[in-house]
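Undergrad: sequence first, then the predicted structure:
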Amino acid sequence: MAGPSTLETHLGYWLRLVSNHVSQAFAQKVARHGVTVAEWVVLRRLFDGGTQPPSAIAANLGMTRGAISKLIDRLEAKMLITRTHDLADHRFQAIRLTERGRALVPSLAALADANDDEFFGDIDLAERMMVETLLRQIAARRDLRTAPVD
């Protein structure tokens, strides 16, 4: 009778091994700029999406409103975003990048590019595209939409 499967026989093991190292290296890089990976994800979405209510940011990233609220509080304390309230409906908030936040995003994007290159730059473009295509297909089939933030 064969024993239980080893860790290394599972594709999930290899995905997690690589993902953890890629994510940890990126987290260290953005931390030098005073932000977390989760904060970077919000900043990047706001960079392209413009002013948005927290509910739209949460829906776009597949996060809870509570999680987004905490991120917004931290980003506001770091003066990377501003929050404005509607005079007629104080519950409505609009979130947008400050000039400082907008200026930071390209630097953080360059770190993301460098991190990708560090880990995946030594595989040829066809292999890289094949891996990306397969991962996108798996995500689509499983309806995975939550933004990876940790």
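TA: Thanks, I have it.

Undergrad: so where is the protein shaky, pLDDT-wise?
TA: Regions of the chain meeting the criterion pLDDT under 70 cover residues 89-90, 150.

Undergrad: show me where it has its helices.
TA: For the chain, applying DSSP state H gives helices covering 11-31, 37-49, 54-61, 65-77, 99-120, 125-141.

Undergrad: mind listing what's buried in the fifth one?
TA: Within helix 99-120, the residues that qualify as buried are Gly101, Leu104, Val105, Leu108, Leu111, Asn115, counting by 16 or more other Cβ atoms under 10 Å. Glycine gets a C-beta too; all of them are placed from N, C-alpha and C.

Undergrad: which one of those is nearest to Arg74?
TA: Among the buried residues of helix 99-120, Gly101 lies closest to Arg74 (Cβ to Cβ), at 12.1 Å.

Undergrad: the closest residue to that closest one other than its chain neighbours: how many residues sit nearby?
TA: Distances taken as Cβ to Cβ, 6 or more residues apart in numbering put Leu80 closest to Gly101, at 3.6 Å, once the chain neighbours are dropped. Neighbour count of Leu80, defined by other Cβ atoms under 10 Å: 23.
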